[in-house]
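K.L.:
Fold the stuff below for me.
(one chain, ligands or ions: 1)
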Amino acid sequence: MNCRLCQKELDAYQEGVLPEGTRSQVENHLGECKECSESFKLVGLANKVMADEKSMQSNPFLVTRIMANIGELGNNQAGYQPIPFYQKVLKSALVAFSVAAAIFLGIMEGNFNTPTQSTTKLPVEMTYMNDVVLESVDLLSQI
Ligand SMILES: [Zn+2]
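P.N.:
Below is the predicted model of the structure:
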């Protein structure tokens with residue numbers, strides 16, 4: 001028996017439904033082949049997990065507790081009180097004030113960071129520059 005055939009028959013071997021000849025062939029191969037015996041262990045583990053999962057019982061009170069909590073939520077919403085008028089006005093005034101403050105701060109930040117010195121002051125190197133050696137644009141335009 002080769003590995004492919006053995007692994008194909010592993011499920012049936014696990015369930016004990018293989019005919020006698022095939023079953024002994026699978027057992028012989030599992031004794032010889034390490035890879036197939038590992039697969040056989042995995043199949044056994046998977047079957048055990050599935051069997052455990054099937055035997056799990058659900059908590060009968062879970063549904064009752066969930067439904068009770070949902071009922072409580074409904075009762076709380078029935079007792080919900082609307083927000084008073086002055087709180088609504090206060091809230092909208094606070095939002096408007098926040099927006100105005102944000103715009104004002106943005107404008108102030110922009111004004112403080114404008115480079116005003118570079119337009120009025122010349123760099124020190126420019127004051128030492130000799131204008132006499134530079135050619136005049138007027139002189140060039142006459143040619
Ligand atoms: Zn094998």
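K.L.:
For this protein, what lies in contact range of the ion?
P.N.:
Contact residues, the chain versus the ion (C-beta under 5 Å from the ion): 3, 33, 36. Glycine gets a C-beta too; all of them are placed from N, C-alpha and C.
K.L.:
Of those - the most surrounded one?
P.N.:
Cys36 (22 neighbours; other C-beta atoms under 10 Å).
K.L.:
so which strand or helix has Asp52?
P.N.:
In this assignment (DSSP states H and E), Asp52 forms part of helix 34-55.
K.L.:
Any idea how far the helix or strand just after that helix is from the middle of the chain?
P.N.:
Downstream of helix 34-55, the next assigned helix or strand under DSSP H and E is helix 60-78. How far helix 60-78 lies from its chain's middle: 31 Å, per C-alpha atoms, centre = their mean, to the nearest Å.
K.L.:
Next secondary structure after helix 60-78?
P.N.:
helix 85-112.
K.L.:
Tell me the buried residues in that next one?
P.N.:
By neighbour count on 16 or more other C-beta atoms under 10 Å, the buried set for helix 85-112 is empty.
K.L.:
Over to stretch 39-59?
P.N.:
Per 16+ other C-beta under 10 Å, stretch 39-59 contains these buried residues: 39-40.
K.L.:
I'd like the mean pLDDT over it, please.
P.N.:
Stretch 39-59 carries an average pLDDT of 86.
K.L.:
and the helix holding Asp52, C-alpha only, in PDB?
P.N.:
C-alpha atoms of helix 34-55 as PDB (Å, rounded to 0.1, in the frame of the first residue of the first chain):
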ATOM      1  CA  LYS A  34       6.100   7.900   9.900                       C
ATOM      2  CA  GLU A  35       4.300  10.500   7.700                       C
ATOM      3  CA  CYS A  36       1.100   8.500   7.500                       C
ATOM      4  CA  SER A  37       1.100   7.700  11.200                       C
ATOM      5  CA  GLU A  38       1.300  11.500  11.900                       C
ATOM      6  CA  SER A  39      -1.700  12.000   9.500                       C
ATOM      7  CA  PHE A  40      -3.500   9.300  11.400                       C
ATOM      8  CA  LYS A  41      -2.900  11.100  14.700                       C
ATOM      9  CA  LEU A  42      -4.200  14.300  13.200                       C
ATOM     10  CA  VAL A  43      -7.300  12.700  11.900                       C
ATOM     11  CA  GLY A  44      -7.900  11.200  15.400                       C
ATOM     12  CA  LEU A  45      -7.400  14.600  17.000                       C
ATOM     13  CA  ALA A  46      -9.800  16.300  14.500                       C
ATOM     14  CA  ASN A  47     -12.400  13.600  15.100                       C
ATOM     15  CA  LYS A  48     -12.100  14.100  18.900                       C
ATOM     16  CA  VAL A  49     -12.500  17.900  18.600                       C
ATOM     17  CA  MET A  50     -15.600  17.400  16.400                       C
ATOM     18  CA  ALA A  51     -17.100  14.900  18.800                       C
ATOM     19  CA  ASP A  52     -16.400  17.200  21.800                       C
ATOM     20  CA  GLU A  53     -18.100  20.100  19.900                       C
ATOM     21  CA  LYS A  54     -21.100  18.000  19.200                       C
ATOM     22  CA  SER A  55     -21.500  17.000  22.800                       C
END
